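Q: no FASTA, just this:
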Ligand SMILES: Nc1nc2c(ncn2[C@@H]2O[C@H](COP(=O)(O)OP(=O)(O)OP(=O)(O)O)[C@@H](O)[C@H]2O)c(=O)[nH]1
Ligand SMILES: [Mg+2]
């Protein structure tokens, strides 16, 4: 084949310049720069778009994390990361994370020990530059019992967003909860142990569950109440019972787990207490999905096709 036939024609103009149908592309780079290979090059927290891209390639357990300021939400994430990175999350091992830098950032406080003494604040109050949606932390874990791989997307959300949802029903920033398989409600165990604060807190958790139900358009949210400061207070059965009754009354299914992401009494309750159980509860139940092939019982004397199936 005559290759010259494929080349564009070039004309020599009156002033001697060569013009061609390449026009001003003459001398430009021959190849276009390829798109970046990785969608998450920075390993910082993932935005909603990054999360969507990831969800297109594999099943991701999106977790909703709600709770008042200072209740211990960020502490749970920092402690989870510290546990898993030291291979101390019982029953689970680390496989990957697309947001290691973000985990390092939130766990930095916990690493900054002064002369071996724990800092006063292990984590800092969460403030978000982007008010439109949270950043997500990603963890891929392997369950030791069956080798199952689980991808978790965990948002670090400021406590004010939960307060605003309860008080004014503002939910635009929390739209991602609609994709969440489970929602953690993080409660400060010190407030639940305090008789004066307890009643108000339980009532507000009930209001939160009602708001969630409206937001999720009637779908029953699977709630996991994580009560922090387990190192200082053990949740009393009657308090847990009242919490459960209040949430059931609002039509929510609930599990309650006591956790201590950090511990002031490590000899009694080690830091990270309860987090493995929190993860087990989070991924343990398969989310509601219609069965791919509903089993049908063949009727006596029914069509031959059904008889054929039943004989297999
Ligand atoms: N001893 C002890 N301290 C805890 C526990 N959980 C949280 N803390 C401490 O409580 C402080 C506040 O916790 P955070 O996780 O930052 O609170 P948050 O819910 O993220 O708060 P906002 O970001 O303001 O919404 C941190 O300095 C933690 O060290 C716990 O179980 N035991
Ligand atoms: Mg926080």
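A: The structure has been received and is ready for your questions. Nothing here was measured: the structure is a model prediction, and the numbers come from that model. Ligands and ions are numbered 1, 2, ... in the order given.

Q: buried residues in stretch 241-250?
A: Buried positions in stretch 241-250, judged by neighbour count with 16 or more other CB atoms under 10 Å: 243, 246-247, 250. From N, CA and C alone the C-beta is placed, and that goes for glycine too.

Q: next: stretch 137-144.
A: By 16+ other CB under 10 Å, the buried positions in stretch 137-144 come out as 137-139, 141-143.

Q: swap in stretch 204-215?
A: 204-206, 208-213, 215.

Q: in JSON lines: the buried residues of stretch 241-250, plus distance to ligand 1 and secondary structure.
A: Shown next, in JSON lines, are these (distance: CB to the nearest ligand atom, whole Å; DSSP: H, G, I helix; E, B strand; the rest coil):
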{"residue": "243", "distance to ligand 1": "17", "secondary structure": "helix"}
{"residue": "246", "distance to ligand 1": "21", "secondary structure": "helix"}
{"residue": "247", "distance to ligand 1": "20", "secondary structure": "helix"}
{"residue": "250", "distance to ligand 1": "22", "secondary structure": "coil"}
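
Q: related to what we said a few turns ago, ligand 2 next: which of the buried residues of stretch 204-215 are close?
A: When CB under 5 Å from the ion is applied, no member of the buried residues of stretch 204-215 is adjacent to ligand 2.

Q: and those residues, which is closest to ligand 2?
A: residue 208 (16.9 Å; CB to the ion).

Q: helix/strand/coil for the closest one?
A: helix (DSSP: H, G, I helix; E, B strand; the rest coil).

Q: got it, and the one 3 residues further on?
A: Remark: residue 211 carries the secondary structure label helix [criterion: three-state DSSP].

Q: near ligand 2, which residues of this protein?
A: So the chain meets ligand 2 at 73-74, 126 (CB under 5 Å from the ion).

Q: let's see which of those residues end up in helices.
A: 73-74 (DSSP state H).

Q: can you pick the most crowded of the residues of the chain next to ligand 2?
A: residue 73 (28 neighbours; other CB atoms under 10 Å).

Q: coming back round to it: name the nearest of the buried residues of stretch 137-144 relative to residue 185.
A: Using CB to CB, residue 137 is the member of those that sits closest to residue 185, with 18.3 Å.

Q: contacts for the helix or strand hosting that closest one next, please.
A: Using DSSP states H and E, residue 137 sits in strand 136-143. Contact partners of strand 136-143, identified using CB atoms under 8 Å, 6 or more residues apart in numbering, comprise 45-47, 50-51, 54, 62, 77, 80-81, 84, 89, 91-99, 102-103, 106, 148-156, 279, 283.

Q: ok, residue 107 touching residue 81?
A: Yes - assessed by CB atoms under 8 Å, residue 107 is found in contact with residue 81 at 5.3 Å.

Q: between these two, which one's more packed in?
A: A direct count of neighbours by other CB under 10 Å for residue 107 and residue 81 places residue 81 higher, at 24 against 21.

Q: what's the neighbour count on residue 198?
A: Residue 198: 16 surrounding residues under other CB under 10 Å.

Q: next, count neighbours for residue 103.
A: With other CB under 10 Å as criterion, residue 103 counts 25.

Q: A strand includes it, no?
A: No - according to three-state DSSP, residue 103 belongs to no strand; its state is helix.

Q: how about it: what's its closest non-neighbour residue?
A: Distances taken as CB to CB, 6 or more residues apart in numbering place residue 81 nearest to residue 103, at 4.2 Å, with adjacent residues excluded.

Q: how close does that neighbour sit to ligand 1?
A: Distance of residue 81 to ligand 1, computed by CB to the nearest ligand atom, to the nearest Å: 13 Å.

Q: tell me what the helix or strand hosting that residue is packed against?
A: Element membership for residue 81 (DSSP H and E) is helix 73-85. Using 3 or more CB pairs under 8 Å, 6 or more residues apart in numbering; DSSP states H and E, the elements in contact with helix 73-85 are strand 60-66, strand 92-96, helix 100-111, strand 136-143, strand 180-187, helix 275-284.

Q: so where's the chain uncertain?
A: Low-confidence segments of the chain, defined by pLDDT under 70: 1-29, 32-42, 109-122, 129-131, 285-312.

Q: can you pull out the helices in it?
A: Using DSSP H, helices in the chain cover 48-55, 73-85, 100-111, 159-168, 189-193, 195-215, 237-249, 275-284, 304-310.

Q: residues making contact with the longest one?
A: Counting contacts by CB under 8 Å, 6+ apart, the residues outside helix 195-215 that touch it are 66, 162, 165-166, 169, 171, 174, 177-178, 183, 185, 187, 191-192, 219-221, 223, 225, 239, 242-243, 246-247, 249-252.

Q: return a PyMOL selection command for the buried portion of those residues.
A: A single PyMOL command selects the buried members of those (16+ other CB under 10 Å):
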select buried, resi 66+162+165+166+171+174+177+183+185+187+191+192+221+223+225+239+243+246+247+250+252
